[in-house]
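Asker: no FASTA, just this:
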């Protein structure tokens, strides 16, 4: 899923400092799963913002809503009749949501309440980790099913580098060296030869380096 | 390893079978080259080639290509270091062409320290290719006269290709295999991480010899004399992949006030003596960091002077 963290409250307050009436819009997709922008988080942020503004003697009216998804025009349309009742819309979805809203309602201000961070999952309760860099050409089967593009700090295809120590990456002890894991797995499997091939330079055209990407499924477009 | 690949002095010295002795020099943190030239004076004639670091520890400095070209002008043979952190394949290839045109004949292919260590930790890194792919790319440019995209190079750069090896990084068992891959990719010579744990290094070299790696590549053992107990402690605790045994720190501590630096040099000299006799070791890479003025004395006491004419 897409993982996001909520922006600090002062940053959000600053964005709406001149507004009196806003729509706070959550999303039932990834941000609900990662406890950042679902119903509960919408309620908590709305209360927090209202209390802060009340303290300032400048109350803020907030309408709370949660859409099924904010990455789908069908659900974005659900607020067509009401979107302009507000001074601004704060989206608690990942970076996709506020953009779909901005595109659907060009005359409205849409503000992001979260920082979208990575594609990953929960490794334990309350902790999410990156697993995929969305490079567009998956090759994890070459590396024991583990992705060095996303998980090696240097995206090395021939690791581990000289900074790997005790299973940790050179950048910080609490960052695991994915190459340490890959090598140990291959050693256990007796397949170290897999790691001794010299791989050609990666084609980054399928990654963001090739420009903004688009996926077209012909059978669905007809 | 009989015909010359680059014609560099370092290559000739290694082919001759002489024990190679290389040094290291960081480019200035500015455009003022006075200090660089002064440091080079200490190295000139005392080493076969001098590594020119490339924004080492991710701290911005004069470009290694420019500093290497200055070395050429000063009559010192550079070993041009190139990291994959700061440049994509276009910039890397173009810098190699430029450096070669300016007289550079050796290069060391590295991944590079992560920028989080450096003085611009908020910068974006590149890592378009990694050190292994860099080695293969430089070899292809030299031997096939081709860019990475298969286009012909008008005047291929004939570099003597170096790579790094850290026998002390984890997973330890994998290190000889990684070295083998670097050699297969095209490394002509290897410079190792600073060695302090001799026991571990002997084991590593034994494996490298048994695997036949030392028949295919020249290995230069990395030596950095400890200047102080503080430096030893720092390297032991703060530098990832650095293995400084307690015995080394204790020996420095035991040297007493004002005598630690001399003890550090003695330690380095003992290491160099052992490396001269160690199977598979073709030379020493002396990284006397901001201690270039001590290099003539270290070279003299190590018995590696005069350097062979190449």
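Answerer: Looks like it arrived, so ask away. All values derive from a computational prediction rather than experimental measurement.
Asker: so what's the residue in the stretch 1-150 of chain B that chain A sits nearest to closest to, chain neighbours aside?
Answerer: Residue of the stretch 1-150 of chain B nearest chain A, by Cβ to the nearest Cβ: residue B:132 (3.6 Å). From N, CA and C alone the C-beta is placed, and that goes for glycine too. Nearest residue to residue B:132 in three dimensions, chain neighbours excluded: residue A:158, at 3.6 Å (Cβ to Cβ, 6 or more residues apart in numbering or on different chains).
Asker: burial of that neighbour, as a residue count?
Answerer: 24 (other Cβ atoms under 10 Å in any protein chain shown).
Asker: gap between it and residue B:66?
Answerer: Per Cβ to Cβ, to the nearest Å, residue A:158 is found 29 Å from residue B:66.
Asker: does chain B sit close to the longest strand anywhere in chain A?
Answerer: In chain A, taking DSSP state E as the definition, the longest strand is strand A:114-124. No - between strand A:114-124 and chain B, judged by Cβ under 8 Å from any Cβ of the partner chain, nothing touches; the nearest distance is 15.3 Å.
Asker: in its sheet, what does that strand sit against?
Answerer: strand A:2-6 (antiparallel), strand A:127-132 (antiparallel) (DSSP bridges).
Asker: in that strand, what's buried?
Answerer: Buried residues in strand A:114-124, counted by 16 or more other Cβ atoms under 10 Å in any protein chain shown: A:114, A:116-118, A:120.
Asker: what's near enough to touch the residue nearest to residue B:132?
Answerer: Contact partners of residue A:158, counting by Cβ atoms under 8 Å, 6 or more residues apart in numbering or on different chains, are A:195, A:198-199, B:130-133, B:178, B:181.
Asker: could you flag which of those are buried?
Answerer: For the contacts of residue A:158, buried by 16+ other Cβ under 10 Å: A:195, B:130-133, B:178, B:181.
Asker: the residue nearest to residue B:132 belongs to a helix?
Answerer: No - the assignment for residue A:158, made by DSSP: H, G, I helix; E, B strand; the rest coil, is coil rather than a helix.
Asker: the residue of the stretch 1-150 of chain B closest to chain A reaches residue A:157, doesn't it?
Answerer: Yes - the pair residue B:132 / residue A:157 is scored as a contact, 7.3 Å apart, by Cβ atoms under 8 Å.
Asker: shaky segments in the stretch 1-150 of chain B?
Answerer: Counting by pLDDT under 70, the stretch 1-150 of chain B has low-confidence residues at B:1-2.
Asker: now the strands for it?
Answerer: Using DSSP state E, counting those that start in this stretch, the strands assigned to the stretch 1-150 of chain B run over residues B:20-25, B:49-52, B:78-83, B:106-110.
Asker: and for the nearest residue to residue A:29 once chain neighbours are set aside, the neighbour number?
Answerer: Sequence neighbours aside, residue A:69 is the residue nearest to residue A:29 in space, at 4.6 Å (criterion: Cβ to Cβ, 6+ apart). If you count neighbours by other Cβ under 10 Å, residue A:69 ends up with 19.
Asker: ditto for residue A:1
Answerer: Applying other Cβ under 10 Å, I find that residue A:1 has 17 neighbouring residues.
Asker: give me the distance between it and residue B:151.
Answerer: Per Cβ to Cβ, residue A:1 is found 42 Å from residue B:151.
Asker: before we move on, what about residue B:172?
Answerer: Separation of residue B:172 from residue B:151 (Cβ to Cβ): 41 Å.
Asker: and these two? Which one has more around it.
Answerer: When residue B:172 and residue B:151 are compared for neighbours, residue B:172 comes out ahead with 14 against 9, by other Cβ under 10 Å.
Asker: contacts only, for that one.
Answerer: Contact partners of residue B:172, counting by Cβ under 8 Å, 6+ apart, are residue B:200.
Asker: pull out the buried positions in the top helix by length along chain A.
Answerer: In chain A, with assignment by DSSP state H, the single longest helix is helix A:39-55. With burial defined by 16+ other Cβ under 10 Å, the residues of helix A:39-55 counted as buried are A:41-42, A:45-46, A:49, A:53.
Asker: what does stretch B:94-109 give?
Answerer: Residues of stretch B:94-109 classed as buried: B:95-100, B:102, B:104-109 (neighbour count, 16+ other Cβ under 10 Å).
Asker: give me the contact list for stretch A:165-180.
Answerer: Contacts of stretch A:165-180 (Cβ under 8 Å, 6+ apart): A:146-148, A:151-153, A:156, A:159-161, A:163-164, A:181, B:113-114, B:116-117, B:169-171, B:240-241.
Asker: can you show me the helices along chain A?
Answerer: For chain A, applying DSSP H gives helices covering A:9-15, A:30-33, A:39-55, A:73-76, A:96-104, A:148-151, A:178-189, A:218-221.
Asker: could those helices be laid out in JSON lines, adding mean pLDDT?
Answerer: Listed next are the helices of chain A as JSON lines, based on pLDDT from 0 to 100:
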{"stretch": "helix A:9-15", "mean pLDDT": "98"}
{"stretch": "helix A:30-33", "mean pLDDT": "98"}
{"stretch": "helix A:39-55", "mean pLDDT": "98"}
{"stretch": "helix A:73-76", "mean pLDDT": "98"}
{"stretch": "helix A:96-104", "mean pLDDT": "98"}
{"stretch": "helix A:148-151", "mean pLDDT": "98"}
{"stretch": "helix A:178-189", "mean pLDDT": "97"}
{"stretch": "helix A:218-221", "mean pLDDT": "94"}
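Asker: wait, which of the ones you listed is closest to residue B:36?
Answerer: Closest approach to residue B:36 among the helices of chain A is made by helix A:178-189 (35.4 Å; Cβ to Cβ).
Asker: not counting its neighbours along the chain, what's nearest the residue nearest the centre of chain B?
Answerer: The centre of chain B sits closest to residue B:191, judged by Cα atoms, centre = their mean, with a distance of 4.8 Å. Among residues not flanking residue B:191 along the chain, residue B:285 sits closest, at 4.3 Å (Cβ to Cβ, 6+ apart).
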